[in-house]
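*Asks:* build me a model:
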Amino acid sequence: MNYPKIIIDLIECFKKFPSIGEKSAERLALSTLDMDDEILNLFAESLKNVKKKITRCKKCNNLADSDLCEICKHEKDRDTKTICIVEDPKNVILFEKLGSYHGMYHVLDGLISPLDGINPEDINIFSLLDRIEKEKIKEIIIAVKPSIEGETTTLYISKMLENKNVKVTKIAHGVPLGVEMEYLDSLTLEMALENRKDVA
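*Replies:* Here you go, the predicted model:
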């Protein structure tokens, strides 16, 4: 590759992104040469700020740029008595894009997996109890992937909430076993949410 070192470094940086190979990275790096300074400065600043300023919502653990995420900041527009439990912030975005769910969220940051050494205390599970008490939650919807880890986590949460006077449901599984949530099409996910079932 006979590019100047600055361009080679930029290509290598782009290659760090998921699913960006050599050719795509090269195309992206070269396209920056045609961009306005204003756009490039915004791009550079945004990259720095993602690392410096993005934090986690103190309430639901979603991505945020202040103490609360955008959803928790504007909770008056939502059903505050329902919480949808998801594995990670990407899943919040997924449900928000559907536009059919209007409750709150709780991000676990992982699933229970004893084989991988991930126990309940290693994920954001116990703060859920505080929220149920303080916010007088009526329904918990568990929306994690249909896998052994997902089922283990679902079972643990349902046992934990047994005497809490809260309805515990999980999304229906027209969702194939073992699939990552973000690869589901929106119709399948919407149907799974609408046809959720009580956790036995």
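
*Asks:* quick one: average pLDDT of the biggest helix by length in the chain?
*Replies:* Secondary structure assigned by DSSP state H gives helix 37-53 as the longest helix of the chain. Helix 37-53 comes out with an average pLDDT of 93.

*Asks:* residues in contact with the helix or strand just after that helix?
*Replies:* Per DSSP states H and E, the first helix or strand lying C-terminal to helix 37-53 is strand 55-56. By C-beta atoms under 8 Å, 6 or more residues apart in numbering, the surrounding residues in contact with strand 55-56 are 62, 63, 64, 65, 66, 107. Using the backbone N, CA and C atoms, a C-beta is placed for each residue, glycine as well.

*Asks:* you'd agree the third one is up against residue 57?
*Replies:* Meaning residue 64. Yes: Residue 64 lies in contact with residue 57 (C-beta atoms under 8 Å); the separation is 4.3 Å.

*Asks:* which neighbours do those two share?
*Replies:* Residues touching both residue 64 and residue 57 (C-beta under 8 Å, 6+ apart) are residue 72.

*Asks:* so residue 168, which state does it fall into?
*Replies:* Three-state call for residue 168 (DSSP: H, G, I helix; E, B strand; the rest coil): strand.

*Asks:* so which of the contacts of strand 55-56 are in helices?
*Replies:* Using DSSP H, no member of the contacts of strand 55-56 falls in helices.

*Asks:* okay if I get those residues as TSV plus neighbour count and distance to residue 140?
*Replies:* Converted to TSV, the contacts of strand 55-56 look like this (neighbours: other C-beta atoms under 10 Å; distance: C-beta to C-beta, whole Å):
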residue	neighbour count	distance to residue 140
62	23	16
63	17	21
64	21	22
65	13	27
66	11	26
107	23	14
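
*Asks:* Throw the residues you listed into TSV and include pLDDT and distance to residue 134, thanks.
*Replies:* Below are these laid out as TSV (pLDDT from 0 to 100; distance: C-beta to C-beta, whole Å):
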residue	pLDDT	distance to residue 134
62	97	17
63	96	22
64	96	19
65	94	24
66	94	20
107	97	17
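
*Asks:* quick check: closest non-adjacent residue to the residue most central in space within the chain.
*Replies:* The residue lying closest to the centre of the chain (C-alpha atoms, centre = their mean) is residue 89, at 1.9 Å. Nearest non-adjacent residue to residue 89, counting by C-beta to C-beta, 6 or more residues apart in numbering: residue 63, 4.6 Å away.

*Asks:* what do you get for residue 24?
*Replies:* residue 14 (7.3 Å).

*Asks:* can you report phi and psi for that neighbour?
*Replies:* When read as degrees, to the nearest 10, the backbone of residue 14 gives phi -60, psi -30.

*Asks:* how many residues are close by residue 106?
*Replies:* 25 (other C-beta atoms under 10 Å).

*Asks:* if I look at it, how far off is residue 170?
*Replies:* From residue 106 across to residue 170, the span is 14 Å (C-beta to C-beta, to the nearest Å).

*Asks:* return the distance of the lengthiest strand in the chain from the chain's centre.
*Replies:* Determined from DSSP state E, the single longest strand within the chain is strand 79-86. Here strand 79-86 is found 14 Å from its chain centre; the criterion is C-alpha atoms, centre = their mean, to the nearest Å.
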